[in-house]
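Trainee: the following comprises the amino acid sequence and a computationally predicted model.
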Amino acid sequence: MTGWRVGWLIAPKDLAAAATNLQSHATSNVSNVAQRAALAAVSGDLHAVAEMKAAFDRRRRTMVSMLNEVDGVVCPMPEGAFYAYPQVKGLLGRTHDTASGTRTIDSSAELAEYILEEAEVAVVPGEAFGTPGYLRLSYALGDDDLVEGITRLQKLFA
């Protein structure tokens, strides 16, 4: 249920009470439709879950492999969620071609902007998570779109 922001906790009563207090001050309630969807997800047929697990694993492996083909990018294999978090420090400090000339890129925030402008691929800079020199890329999309986006990055940095 990518992006639905639904979860639960199984814990001792005192820990559950503390978590409930924290949550009540940090977020609002989950919408009714998300609650119904979560209930269906955990109580229904799990065949679709197995299919999605296989698809996400395939996309994860494809993204990591393709990103690691880009000179200056080091992408470890994600072990959770649906994001790759490659180190892109090897792309920083370089002069890159743009539609209007050249541009030296010194941060992953500038790199994310450059990628969006030149390759029309959206990534999140590591600065948003306190880790400059990294990008976050989601693989929660179709296989063809994923390959298209990473291929654009490969061409941009070839």
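Mentor: Now that the structure is in, tell me what you want to look at. Values in this document were obtained by computation on a predicted structure and should not be read as measured data.

Trainee: residues contacting the longest helix along the chain, please?
Mentor: As assigned by DSSP state H, the longest helix anywhere in the chain is helix 47-68. With contacts defined as Cβ atoms under 8 Å, 6 or more residues apart in numbering, helix 47-68 is touched by 41, 73-78, 82, 84, 86, 137, 139-141, 143, 146-147, 150-151, 153-154. For every residue, glycine as well, the C-beta is placed using N, CA and C.

Trainee: so which of those belong to strands?
Mentor: 84, 137 (DSSP state E).

Trainee: buried only: go through the contacts of helix 47-68 for me.
Mentor: 73, 75, 78, 82, 84, 86, 137, 139, 146, 150, 153-154 (16 or more other Cβ atoms under 10 Å).

Trainee: give me the lowest-pLDDT entry from those.
Mentor: Least confident of these in the model: F82, at 92.

Trainee: mind checking the backbone torsions on it?
Mentor: The phi/psi pair for F82 (degrees, to the nearest 10) reads phi -140, psi 40.

Trainee: in contact with the residue lying closest to it once chain neighbours are set aside, which residues?
Mentor: Spatially, and ignoring its direct neighbours in sequence, F82 is nearest to A140 (4.4 Å; Cβ to Cβ, 6 or more residues apart in numbering). Applying Cβ under 8 Å, 6+ apart to A140 gives the contacts 2-3, 56, 59, 82.
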